Structure formats: structure tokens, C-alpha cells
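Chemist: can you look at this prediction? I've put the sequence above it.
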Amino acid sequence: MVELIHAIILSIIQGISEWFPISSSGHLAIVQQIFGFQNLAYDVFLHFASILAVIIIFRKDIKLILKFDNASLIYIRNMIIALIPAGLIGLLFRDEIGYIFSNMIFLGIFFIFSGIIIYSSKYALEKKQKLNFIDSIFIGLFQSLAIFPGISRSGMTISSGLFRNLKKEAAIKFSFLLAIPLILGASIFEFDNLILQEINYSILLISFILTFLVSFISIKVIINIIKKDRFYLFGIYNISLGILVLIINL
């Protein structure tokens with residue numbers, strides 16, 4: 001059962017960690033271990049609230065994509081290509097992912113892996129504004145790794161975009177826009193499970209509003225951090241947290 005204090009804490013963590021490259025699923029798994037509470041459907045519900053913040057912040061870019069002209073159709077094609085790997089892994093390994101959420105050893109290892117990738121983006125060179133077909137496949141493969149807790153979705157997509165020499169603004173936009181269909185799809189997929197959890201509707205409403213507000217602020221902050229070339233510092237955080245998790249649980 002989700003208590004109000006748990007909902008507030010989880011909502012704040014989700015709003016920050018979904019958009020900061022530190023893995024929302026990994027942080028929620030740690031906190032839920034402390035609370036003795038596991039609920040994948042509730043996690044997905046919080047992700048849904050985070051997406052609303054993205055839609056509002058990137059509404060102008062979304063409007064351009066929905067023009068369905070030649071440029072927007074190419075961008076939509078690239079998004080679809082990047083979404084396929086994560087969708088396939090999510091469908092094929094859904095049960096295994098649920099088990100990994102409760103395994104702190106896996107979580108620690110994934111945090112470290114995510115941290116190494118993010119820190120490595122420090123050495124990427126910015127050369128191009130538009131991504132191509134190969135860029136989309138590359139980013140999609142990295143994004144698929146974020147199905148597992150401890151591996152940051154935003155960390156993987158932004159880092160891989162930078163590895164492909166995309167300019168920061170292009171990598172940021174593609175990463176955040178990709179999150180919309182991916183997380184909406186997961187939210188719809190888990191909706192029936194959420195109904196069956198019998199979570200108080202007032203708690204769900206509070207969780208949604210709080211997660212949205214924290215997400216909105218977090219997105220603005222992380223965009224500013226990336227533009228100032230401080231993105232790689234999150235790699236150090238992830239590696240340190242992963243080592244701590246392993247030490248505590250080994």
C-alpha cells in the first residue's frame with residue numbers, strides 16, 4: 001500500500017531522477033527497498049506525470065513535428081527507429097525486468113555502467129545539428145539499455161547522441177522527445193495493473209501534481225547544466241552510487 005509520505009518522497013525522486021541522468025527507476029528501486037514496497041505500475045504512473053512536463057516545455061518542437069512536412073516526417077522516422085529496440089526488449093523481458101528491480105547487486109552494477117557511459121561523453125565532439133538514420137539506430141540501442149534499473153534513459157540517449165557528434169541542443173531535444181512515446185506506451189501498458197493496486201485516488205492525484213512540478217523544474221535545470229558542459233559530472237555520481245550499493249549489499 002502506498003502511504004502519503006511514501007508518495008511524496010517517490011514523486012520528488014521521480015521528478016528529479018527521470019530527467020537528471022541518474023536513473024529514476026534505479027532510485028525508485030532503492031527507496032522502495034527501504035520502504036519495503038515494490039510497485040512497478042506505480043512507478044510507471046509517476047513517469048506519466050513527468051511526460052506532461054516534457055510536452056509543455058517542448059510544445060513548440062512538437063508543433064513543428066506535427067506539421068508533417070518533409071523535415072518533420074524524417075524526424076518522426078528517426079524517432080520510430082530509435083524506439084524499436086527499447087520496445088522489443090521491454091516486451092520480451094518484462095518479467096526479468098521486474099526481478100532485476102528487486103536485486104540490489106544488479107542495480108549497483110547498472111549504476112556503475114551508466115556512470116561510465118555518461119562520463120565518457122565528456123570527450124565527445126560537437127559537429128552536426130541534424131541526426132541521420134545511423135544516429136537513430138545508435139541512440140535507440142543505447143536507449144534500450146535503460147529498460148534496466150540503474151541505467152539512465154536520458155543519460156544513454158544524450159550520451160549516445162553526443163558520441164555521434166550531435167550538438168548539445170540536438171541531442172537534448174531528441175532525447176526528451178523520444179521519452180514521450182516511450183513512456184506513454186509503458187504507462188498505457190501498465191494501466192490495468194495500476195487499477196488493480198487499489199491505491200487511494202487522492203494519493204495518485206498528489207503524486208501526479210508533485211511529480212509534474214518537480215519534473216518541470218528539473219528539465220529546465222538539466223538543460224542548463226548540459227549547455228554549460230557539466231553533463232559528464234553525473235557519471236561520477238552514478239559510479240559512486242553504484243559502488244555504495246554494491247558495498248552495502250555484498
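Modeler: Perfect, thanks for sending it. Numbering: from 1, shown residues only.

Chemist: got any ranges where the protein has weak pLDDT?
Modeler: Applying pLDDT under 70 to the chain picks out residues 1-2, 36-43, 93-102, 186-199.

Chemist: the helices in it, which residues?
Modeler: 4-17, 24-35, 40-57, 59-65, 70-92, 94-101, 104-120, 133-145, 153-163, 168-195, 201-227, 233-249 (DSSP state H).

Chemist: tell me which of those helices is the most buried.
Modeler: helix 153-163 (a mean of 26; mean count of other Cβ atoms under 10 Å). For every residue, glycine as well, the C-beta is placed using N, CA and C.

Chemist: tell me the centre residue of the protein?
Modeler: residue 153 (3.8 Å; Cα atoms, centre = their mean).

Chemist: isn't that residue up against residue 143?
Modeler: Yes - using Cβ atoms under 8 Å, residue 153 makes contact with residue 143 at a distance of 6.2 Å.

Chemist: shared neighbours, the two?
Modeler: Taking Cβ atoms under 8 Å, 6 or more residues apart in numbering as the contact rule, residue 153 and residue 143 both touch residue 182.

Chemist: for the residue nearest to residue 13 when sequence neighbours are not counted, give its distance to residue 161.
Modeler: Closest residue in space to residue 13, ignoring its immediate chain neighbours: residue 27 at 5.1 Å, by Cβ to Cβ, 6 or more residues apart in numbering. For residue 27, the distance to residue 161 equals 23 Å [Cβ to Cβ, to the nearest Å].

Chemist: who are the neighbours in contact with the closest residue in space to the residue nearest to the centre of the chain that isn't next to it in sequence?
Modeler: Closest residue to residue 153 apart from its sequence neighbours, by Cβ to Cβ, 6+ apart: residue 146 at 3.6 Å. Neighbouring residues of residue 146 by Cβ under 8 Å, 6+ apart: 23, 25, 86, 152-153, 155-157.

Chemist: quickly note the distance from residue 21 to residue 210.
Modeler: 21 Å.

Chemist: outside of stretch 218-234, which residues touch it?
Modeler: 15-16, 18-22, 53-54, 57, 115, 118-122, 152, 154-155, 158-159, 162, 168-169, 172, 176.

Chemist: redo that, cut-off 6 Å
Modeler: 15-16, 19-22, 53, 57, 118-119, 121-122, 168, 172 (Cβ atoms under 6 Å, 6 or more residues apart in numbering).

Chemist: mind saving the C-alpha coords of that stretch as PDB?
Modeler: In PDB, the C-alpha atoms belonging to stretch 218-234 read as follows (Å, rounded to 0.1, in the frame of the first residue of the first chain):
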ATOM      1  CA  SER A 218      14.400  19.600 -13.300                       C
ATOM      2  CA  ILE A 219      14.100  19.700 -17.100                       C
ATOM      3  CA  LYS A 220      15.000  23.400 -17.100                       C
ATOM      4  CA  VAL A 221      17.900  22.800 -14.800                       C
ATOM      5  CA  ILE A 222      19.400  19.800 -16.600                       C
ATOM      6  CA  ILE A 223      19.200  21.600 -20.000                       C
ATOM      7  CA  ASN A 224      21.200  24.500 -18.500                       C
ATOM      8  CA  ILE A 225      23.800  22.000 -17.000                       C
ATOM      9  CA  ILE A 226      24.300  20.300 -20.300                       C
ATOM     10  CA  LYS A 227      24.700  23.600 -22.200                       C
ATOM     11  CA  LYS A 228      27.400  24.500 -19.600                       C
ATOM     12  CA  ASP A 229      29.300  21.300 -20.400                       C
ATOM     13  CA  ARG A 230      28.800  19.800 -16.900                       C
ATOM     14  CA  PHE A 231      26.800  16.700 -18.000                       C
ATOM     15  CA  TYR A 232      29.700  14.300 -17.500                       C
ATOM     16  CA  LEU A 233      29.700  15.000 -13.800                       C
ATOM     17  CA  PHE A 234      26.600  12.900 -13.400                       C
END
